[in-house]
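> below is the sequence, then the predicted model.
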Amino acid sequence: MDKKEILSKFSTDPERYYKVKLFENEGFMRKSCTTCKRFYWTIDENRVNCPDHSDDTYSFIGNPPTKKRFDYTQAWKEVESFFQKNGHTSVSRYPVVCRWRDDLYFTIASIVDFQRVMGSKVVFEFPANPLVVPQTSLRFKDLENVGVTGRHFSSFCMIGQHSIPNSQGYWKDECVDLDYRLVTEQFGVDKKEVVFVEDVWEGGGSFGSSLEFFVKGLELGNAVFTEFQGDLTNYRTLDQQIIDMGAGLERFAWITMGTPTAYDCCFGPITSNLIEQTGIDTNSELLVRYFTEIAKNFERFNDLSEVRKNAIKSAGLSNEQMDKIITPLEGIYLIIDHIRTLIFAISDGALPSNVGGGYNLRMMLRRIISTMDRLSLKFDINDMIDAQIDYLNDTYPELEETREDVKTIITIEADRYENSKFRMQKIVSKLNQKPTVDDLIRLYESDGVTPDYLKEMKVISDIPSTFYSKLSELHQSKKQKAQDQLSLEGLPETELLYYADDPKEFDAKVLKSFNQYVVLDRTSFYARGGGQEPDHGTIGGFDVVDVNKHGNIVLHELKGGAIKEGDTVSCIVDSQRRDDITKNHTSTHILNSSSRSVLGSWVWQHSAFKEEDHARLDITHHSALTDDEIVKIENLANSVVDKNMSVTIENFDRGTAEQKYGFKIYQGGIVPVKSVRIVSIEDFDTEACGGTHVKKTGEIKLVKITRTKRIQDGVVRIEFVSGDTALNYTKQHDVDLARESAELKDKAKLKEKRQEQKQELRERLPILVENITECKIGTNNVDEIVVDITEPGKPNFCSAMNDQYDEFFHISLGERLIEKDPLMVYCGIFEDGDRIRAIIYSGEQVGKDKKAGDIAKAVSEVLGGAGGGTQRFAQGGGKDKSKKNDAIEKAKTMVLGV
Ligand SMILES: [Zn+2]
Ligand SMILES: [Zn+2]
């Protein structure tokens, strides 16, 4: 459905869709904008244009329409107290990491807090009715506007006013009346200044009318009435109608303060402190002029650099004023905004990375650093984090708990960026043309090069306005798994015995049997789910090889046969396998909580897998685990095992469970059912989980981490075993260790022996040399060394290839021999690993004719390798061990002739 079509249809019947009691009581007139024709409601007789096209657009800058001034924190107190005195419950914000929705990484609006997806349907769960919530909402598609437009934030506080029309809640009339009174009575804006613009909303199969309310051209909020479902030709009223009023708290503060930008009044003293640090000369008259023009031009141009250019011209700013005032201010605004978003996201358990929602966070931190580098701003990031958390404390005291964790993560991530700069420089230096938006996305996704870095390096002058929206599109929502369809229609839900008495032997009726699959009326076979592998066993004598759940029907896969529909069969679950899997499953919970308590609050279960003889838990963590961390995690886990804690299972209504335990229960992902099964290990761990668990942690006996590995950016895998498998593993591991240490000892002994031999040789060598040189004419043998002495004045030859002699021996002996007998040629051959090596020495008087180098070359050829050297000394070798004798013979022939 097209929004325009809905709007034109609704606008033809304003009585039905837009007119509320307030309009009647206060004498609001319905008008059509002379510029854009949109319909709006006002009590100002003279108004002719909608808020977007009026002359008073953004005239509150420098001239706020209220007597009272409220900054961000105070503005929330005003809003909260107004709604509380009008019967609303004030609810704490929900996490910005949207754990309860499968299709979103981050909470993008207050209404998301209360939406739960069940199948293809969105259902609402309100903890109170009516309610108001200061919901921090993250939006990354306008990132290039942040810091520049004066009003865009990467995260903002959406004031959520929600009501279900029933005995407690209200519908349109009261909603608009409250919003009007909030603006006029509580904030003190003149009634004439409030304009309501007709609009519509549609999404997720439902739609309705909405009224946006503006003051001086600034949209403060939008009251959406979720009312219908169907399509425009045929629609009906929803069973569950919802008031979804969302307003920007930042804008409420801004309108009362009238500062040049919303950034000037929404970060407490932080903005002015930073501006002071940099010594920018802030000429407030000039800033009012410039940012008012920015606001006006923003509606007129699509491209941000056009908006900027025109604002500079209209405000009459010089280039110097832009460079010295506006550009550094934009940088400061961006930095403060991005840090606030990172604080919320990291506090709620998200990590900067190159996957999923982490992309946006990494991008923001890199923008902060690039901006500081580009503008030579020397801010201390940790100081800025402290200042923000201090300021947010009144509204969001929970951030205190994660103060240090946020700093840790940001420091690690900033270092990582610094370390990658050299590589980025190389990549950038290879760019030979101006990158397109797609190039920019590729550069960021595959190499981590941000467009801000390119801007800093002056490769591009502006970041294309579509870059962030494209990137955010790619990474805002999670991919949904496609579910395979099987014809199981008309079958009743399978009764799950494993959630009840959990018998390992039971009888059941065959409701359906096709191919190798069978559906029973009841089953004790655990169906694959939550990372837990399915049970095995037998049904009617056939082996069960797989069990899966399709909706609420359990499908068993059998091996080697089919059974008859209507029969009653006896079933046996392999209880040993189930026990082992169960221990591994409970160990997963224990290790997850242990990891969080050892490593930090950012640790969440990313995924898990529990088989009979091994299991793994993937956690979100920034770096690979150190040996010390692994030991600590394992020790903490085993202390939980040793304490023999009770594992209890309770079923709660989902809303109650969330309120009672928080969103940490969704470690294994969202639970698409109304009643959640909460598994608690005393006060150590609480999770929503549908798996099988031990009753006491002592049953696990032992948890042993076998391996850890960083499997992707921000995710570490912990492989482990538990129960008897762990005991056996440790035993085997001890045996392995013993063997290893024995091997080490042997090696040490061998080394010692060699040292001894060398020493012995040193002592023996002079005697050996003497014995050799004293040999008579002919072939002699001295300690396995063959000595051929010829007539005086002719070459002599000496060779050794006994295994007891090593390199050191041959070199020592060869040198000494040719010194003592200048007519001597020495050839030593020995094994060195899988090679045969040859060492040749040639005495001074024979060296000219019988060069050591030539001999080594020839000998090496015989051995199947290569060699060479000088006249006096040479070496070489080869791999052919069978040619050792041939090699010696070759050398001998070369020296002595035939
Ligand atoms: Zn208009
Ligand atoms: Zn579990």
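Received, thanks. The model shown is predicted, which means the values in this text are computed figures rather than measured ones. Ligands and ions are numbered 1, 2, ... in the order given.
> which single residue of the stretch 51-200 of the chain ends up nearest ligand 2?
Arg99 (14.9 Å; C-beta to the ion). C-beta coordinates here come from the backbone N, C-alpha and C atoms, glycine included.
> quick check: pLDDT value at that residue.
pLDDT, Arg99: 83.
> can you get me a residue count around it?
22 (other C-beta atoms under 10 Å).
> so it, which of the three states?
The assignment at Arg99 comes out as coil when based on DSSP: H, G, I helix; E, B strand; the rest coil.
> distance of it relative to ligand 1?
41 Å (C-beta to the ion, to the nearest Å).
> please name the nearest non-neighbouring residue to that residue.
Tyr666 (4.3 Å; C-beta to C-beta, 6 or more residues apart in numbering).
> what's near enough to touch Val641?
Shown in contact with Val641 (C-beta atoms under 8 Å, 6 or more residues apart in numbering): Ile590, Thr697, Gly698, Ile700, Lys701, Leu702, Val703.
> how about 6 Å then?
Residues in contact with Val641, defined by C-beta atoms under 6 Å, 6 or more residues apart in numbering, are Thr697, Ile700.
> can you check the one 5 residues further on too?
For Ser646, the contacting residues are Glu682, taking C-beta under 6 Å, 6+ apart as the criterion.
> residue of this protein closest to ligand 2, please.
Counting by C-beta to the ion, the chain gets nearest ligand 2 through Cys689, at 3.2 Å.
> how many other residues sit next to that residue?
26.
> for Lys747, same thing?
The burial count for Lys747: 10, using other C-beta under 10 Å.
> may I ask which helix or strand encompasses it?
helix 723-773 (DSSP states H and E).
> list the contacts for Ala856?
Ile840, Gly867, Gly868, Gly869, Ala874, Gln875, Gly876.
> and the residues you listed near ligand 2, which?
With C-beta under 5 Å from the ion as the criterion, the contacts of Ala856 include none near ligand 2.
> turn the residues you listed into JSON lines, including neighbour count and secondary structure.
Formatted as JSON lines, these follow (neighbours: other C-beta atoms under 10 Å; DSSP: H, G, I helix; E, B strand; the rest coil):
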{"residue": "Ile840", "neighbour count": "34", "secondary structure": "strand"}
{"residue": "Gly867", "neighbour count": "24", "secondary structure": "strand"}
{"residue": "Gly868", "neighbour count": "16", "secondary structure": "strand"}
{"residue": "Gly869", "neighbour count": "20", "secondary structure": "strand"}
{"residue": "Ala874", "neighbour count": "23", "secondary structure": "strand"}
{"residue": "Gln875", "neighbour count": "21", "secondary structure": "strand"}
{"residue": "Gly876", "neighbour count": "25", "secondary structure": "strand"}
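> with distance to ligand 1 and pLDDT as extra columns, can I get those in JSON lines?
JSON lines is the format used below for these (distance: C-beta to the ion, whole Å; pLDDT from 0 to 100):
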{"residue": "Ile840", "distance to ligand 1": "99", "pLDDT": "95"}
{"residue": "Gly867", "distance to ligand 1": "92", "pLDDT": "91"}
{"residue": "Gly868", "distance to ligand 1": "91", "pLDDT": "90"}
{"residue": "Gly869", "distance to ligand 1": "93", "pLDDT": "91"}
{"residue": "Ala874", "distance to ligand 1": "95", "pLDDT": "94"}
{"residue": "Gln875", "distance to ligand 1": "92", "pLDDT": "93"}
{"residue": "Gly876", "distance to ligand 1": "92", "pLDDT": "93"}
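> returning to that earlier point: and the residue of the chain closest to ligand 2, backbone torsions?
Cys689 adopts backbone torsions of phi -160, psi 140, taken as degrees, to the nearest 10.
> go ahead and confirm it touches Val679.
Yes: with contact defined as C-beta atoms under 6 Å, Cys689 counts as touching Val679 (4.6 Å).
> ok, which residues in this structure are in contact with ligand 2?
When proximity is defined by C-beta under 5 Å from the ion, the chain lies next to ligand 2 at Cys689, Gly691.
> go again with 6 Å.
Selection of the chain residues close to ligand 2 by C-beta under 6 Å from the ion yields Gly530, His585, His589, Gly668, Glu687, Cys689, Gly691.
> what about the fifth one, how many residues close to it?
Pointing back at Glu687 there. Around Glu687 there are 23 residues (other C-beta under 10 Å).
> can you list contacts of stretch 535-544?
By C-beta under 6 Å, 6+ apart, stretch 535-544 touches 525-526, 556, 558-559, 561, 563, 569, 571-574, 577-578.
> for that stretch, how far is the first residue from the last?
End-to-end distance of stretch 535-544 (C-alpha to C-alpha, to the nearest Å): 8 Å.
> residues of that stretch that come out buried?
Asp535, His536, Gly537, Thr538, Ile539, Gly540, Phe542, Val544 (16 or more other C-beta atoms under 10 Å).
> let me see the mean pLDDT of that stretch.
94.
> can you list the residues of the chain near ligand 1?
Residues of the chain lying near ligand 1 (C-beta under 6 Å from the ion): Cys33, Thr35, Cys36, Arg38, Asn49, Cys50, Asp52, His53.
> and the residues you listed, which are buried?
Cys33, Arg38, Asn49, Cys50, Asp52, His53.
> which residues touch the residue in the stretch 151-300 of the chain positioned nearest to ligand 1?
Minimum separation of the stretch 151-300 of the chain from ligand 1 (C-beta to the ion) falls at Val197, amounting to 8.5 Å. Neighbour list for Val197: Tyr40, Cys50, Glu212 [criterion: C-beta under 6 Å, 6+ apart].
> verify the stated contact: the last one with Val224.
Right, Glu212. No: with contact defined as C-beta under 6 Å, Glu212 does not reach Val224; the gap is 9.4 Å.
> compare these two and say which is more crowded by neighbours.
Val224 (25 against 19).
> and the helix or strand encompassing that one, what other elements does it pack with?
Per DSSP H and E: Val224 is located in strand 218-231. Helices and strands touching strand 218-231, by 3 or more C-beta pairs under 6 Å, 6 or more residues apart in numbering; DSSP states H and E, are helix 172-181, strand 206-215, strand 234-248, helix 249-257.
> and the third one, which strands flank it?
Pointing back at strand 234-248 there. strand 155-163 (antiparallel), strand 218-231 (antiparallel) (DSSP bridges).
> tell me the buried residues in it?
In strand 234-248, counting by 16+ other C-beta under 10 Å, buried: Tyr235, Leu238, Gln241, Ile242, Ile243, Asp244, Met245, Gly246, Ala247, Gly248.
> roughly how far does the residue nearest to Lys192 when sequence neighbours are not counted sit from ligand 1?
Using C-beta to C-beta, 6+ apart and skipping the chain neighbours, the partner closest in space to Lys192 is Asp44 (4.7 Å). Distance, Asp44 to ligand 1, using C-beta to the ion: 15 Å.
> low-scoring stretches of the stretch 401-550 of the chain, by residue?
475-487 (pLDDT under 70).
> surely Leu651 and Ser675 touch.
Just to correct that, residue 651 is Asn rather than Leu. Yes: between Asn651 and Ser675 there is a contact under C-beta under 6 Å: 5.1 Å.
> and the one helix or strand Phe830 maps to, what does it pack onto?
Using DSSP H and E, Phe830 sits within strand 824-832. In terms of contacts (3+ C-beta pairs under 6 Å, 6+ apart), strand 824-832 is packed against strand 796-800, helix 807-820, strand 835-842, helix 884-896.
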